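> what would the 3D arrangement of this be:
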Amino acid sequence: MGEIRNFRSGNQDEPPPHSGVPRRLAAIIVGDIASYSRLMQADEEGTHVRVKRIERDLIQPSIIEHHGSLVKTTGDGFIAIFDSPVEAVRCSIVIQQNLIGRNASLPKHSRLEYRIGVNLGDVIVEPDDIYGDGVNIATRIEGIAEPGQVYISGAIYEQIKHKVVCGYESLGDRKVKNITDPVRVYRVLPDADAVGKTRSRRENTLIFLLGITLLVIAAGALWYLLAQPQGKVGEQVATPAASPAPSPVPQAPPREAATQAPQPSPSLASAPSSPAPAPSASATPIREPEMIAIRGGSFAMGSNDDPTERPVHQVTVKPFSIGKYPVTVREWNECAAAGACGFTATGKDDAPVSNVSWTDAQQYAAFLSQATKKQYRLPSEAEWEYAARGGTQTKVLVGRQAPAGHGRMQGLRRPRRRAAGEGRQLQAQSIRTPRHGRRHRSVGRGLLAQELSGCAGRRFGMDER
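As a prediction, this is how the structure comes out:
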């Protein structure tokens, strides 16, 4: 047998400090009646008698039977200490199970239900009370317990987990009042079937959360597919279908061409940025316009013969592409069907669209950009004149200025300059050509189509980016 010696520091002739304060490691039970104030208000004398009877007939005998000591009663509760954590938990379970039988015949609002907390700690023991953090923690655990339940601390659980035949449900670490560190808390499940029920409840909760997660993922994927731009969907649908090969579109020369010898058309540069896309395109595949690549360069813009065109000034144009043909009625009505253009054009499908304002042309350019995912815009006045000149300085002769043997336009009046966004139209009466020598009564449409191709409604330029 080993000898236990009392080791003392300092002078052994002097008594150690605090020798009159005995301490011990004990399991502490703290019990409290739930809704005690309400019960006392409803029936003060009857509640007091019932509480004293339970203390006398149930609580004190159970504590003694499990080798514990009742420290004190607090009117609506009690405190007891045990040398064994196992006996403390067994005593708590017996008290709660006996109270279930006593309350079975009573209405729910008049039942006496105890909340019990159990903790293991080092306490200061006095004849009529105990003190220390161990008591405070047991009190806080009892405060968070549910009526009719036994909650224990992690320290108690580590001592009894393989010794008491019952289930335990971990409630995690709890931050309790006036205690620095969080306390691990467990709920005691005295019924053996309760372990399976708790486990089944957890499994059902996990299955439910997993189902919700899968449902959210599926909904997100469906939303992503439905939210795809309709123009892209149209392109994807149109890709597998066999369609006649479009005529080759000249490509802009590479940037390396800037190092070559200068020509009438100077170096390349980036085109201006396109306007922000407007309304969404329809799901019908959109035929892209045939474009002609124009190299950048400089030219003399204006004329000293016309006061409205003075002065002649040098203009540099960056490389860009311009539409080869006017916008047709069919192409315009595709924009109108998608709700991106403000009116539906009339006439033959292959005829140029007429009566188009600057605002209408901007809407069509935005629609085309959205549908094809390419940048389309209206060419500037300088870009249009630069493309129309084709690298020459030849004057455009109108009306009686045209020499014999050339087609001439009669009754053509140059449109006055208007503010941006205001619709512009060319007014014409007739056109005479040497071949037929007769008037075309539909000339208005032809000139408007040319105007659509070259001014407020110019055939739309596309940035080469």
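> contacts and neighbour counts: CA atoms only from here.
Noted.
> burial check on residue 319, number of neighbours?
Neighbour count of residue 319, defined by other C-alpha atoms under 10 Å: 25.
> how close does it sit to residue 373?
20 Å (C-alpha to C-alpha, to the nearest Å).
> now the element after whichever helix or strand residue 118 is part of, going C-ward?
Per DSSP states H and E: residue 118 is located in strand 114-126. Beyond strand 114-126 on the C-terminal side, the first helix or strand identified by DSSP H and E is strand 129-131.
> neighbours of residue 177, how many?
Around residue 177 there are 10 residues (other C-alpha under 10 Å).
> spell out the secondary structure type for it.
coil (DSSP: H, G, I helix; E, B strand; the rest coil).
> dump the residue contacts of it.
residue 140 (C-alpha atoms under 8 Å, 6 or more residues apart in numbering).
> what's the distance between it and residue 29?
18 Å.
> same question for residue 323.
Applying C-alpha to C-alpha to residue 323 and residue 29 gives a distance of 91 Å.
> please say which of the two ends up with more neighbours.
residue 29 (30 against 19).
> what pairs with the more buried one across the strands?
residue 80, residue 118 (DSSP bridges).
> contacting residues for it?
79-81, 88, 92, 116-119, 138.
> closest to residue 35 among these?
residue 116 (14.0 Å; C-alpha to C-alpha).
> isn't that closest one right next to residue 151, touching?
Yes - proximity of residue 116 to residue 151 meets the contact threshold set by C-alpha atoms under 8 Å, at 6.4 Å.
> give the ChimeraX command for selecting the buried subset of the contacts of residue 29.
Remark: buried members of the contacts of residue 29, expressed as a ChimeraX selection using 16 or more other C-alpha atoms under 10 Å:
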select :79,80,81,88,92,116,117,118,119,138
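> and residue 157, which helix or strand is it part of?
helix 154-160.
> mind listing what's buried along that helix?
154-157, 160.
> give the residues shared as contacts by residue 116 and residue 151.
With C-alpha under 8 Å, 6+ apart as the test, residue 116 and residue 151 both reach 141-142, 145.
> need those residues in a markdown table with secondary structure, distance to residue 104 and neighbour count, can you?
Output for the shared contacts of residue 116 and residue 151, formatted as a markdown table (DSSP: H, G, I helix; E, B strand; the rest coil; distance: C-alpha to C-alpha, whole Å; neighbours: other C-alpha atoms under 10 Å):
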| residue | secondary structure | distance to residue 104 | neighbour count |
| --- | --- | --- | --- |
| 141 | helix | 26 | 26 |
| 142 | helix | 23 | 25 |
| 145 | coil | 21 | 21 |
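> can you redo those residues as a markdown table with distance to residue 336 and pLDDT?
Listed next are the shared contacts of residue 116 and residue 151 as a markdown table, based on distance: C-alpha to C-alpha, whole Å; pLDDT from 0 to 100:
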| residue | distance to residue 336 | pLDDT |
| --- | --- | --- |
| 141 | 72 | 96 |
| 142 | 74 | 95 |
| 145 | 70 | 96 |
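> name the nearest of these relative to residue 61.
Nearest member of the shared contacts of residue 116 and residue 151 to residue 61, counting by C-alpha to C-alpha, is residue 142, at 21.1 Å.
> which ones are touching the closest one?
Taking C-alpha under 8 Å, 6+ apart, one finds 30-32, 115-118, 150-151 in contact with residue 142.
> roughly how far apart are the residue lying closest to residue 288 once chain neighbours are set aside and residue 292?
Sequence neighbours aside, residue 372 is the residue nearest to residue 288 in space, at 7.1 Å (criterion: C-alpha to C-alpha, 6 or more residues apart in numbering). The gap separating residue 372 from residue 292 is 17 Å, by C-alpha to C-alpha.
> can you check residue 317 too?
Taken as C-alpha to C-alpha, the span from residue 317 to residue 292 is 15 Å.
> neighbour count: these two, which is higher?
residue 317 (23 against 20).
> so that one makes contact with residue 301?
No - in this structure, residue 317 is not within contact of residue 301 by C-alpha under 8 Å, at 11.1 Å.
> please name the residues that touch residue 211.
Counting by C-alpha under 8 Å, 6+ apart, residue 211 has no contacts.
> quick check, it in a helix?
Yes - with three-state DSSP as the criterion, residue 211 is part of a helix.
> so where's the stretch 201-350 of the chain shaky on pLDDT?
202, 229-284 (pLDDT under 70).
> that one: helices as residue ranges?
230-238, 329-337 (DSSP state H, counting those that start in this stretch).
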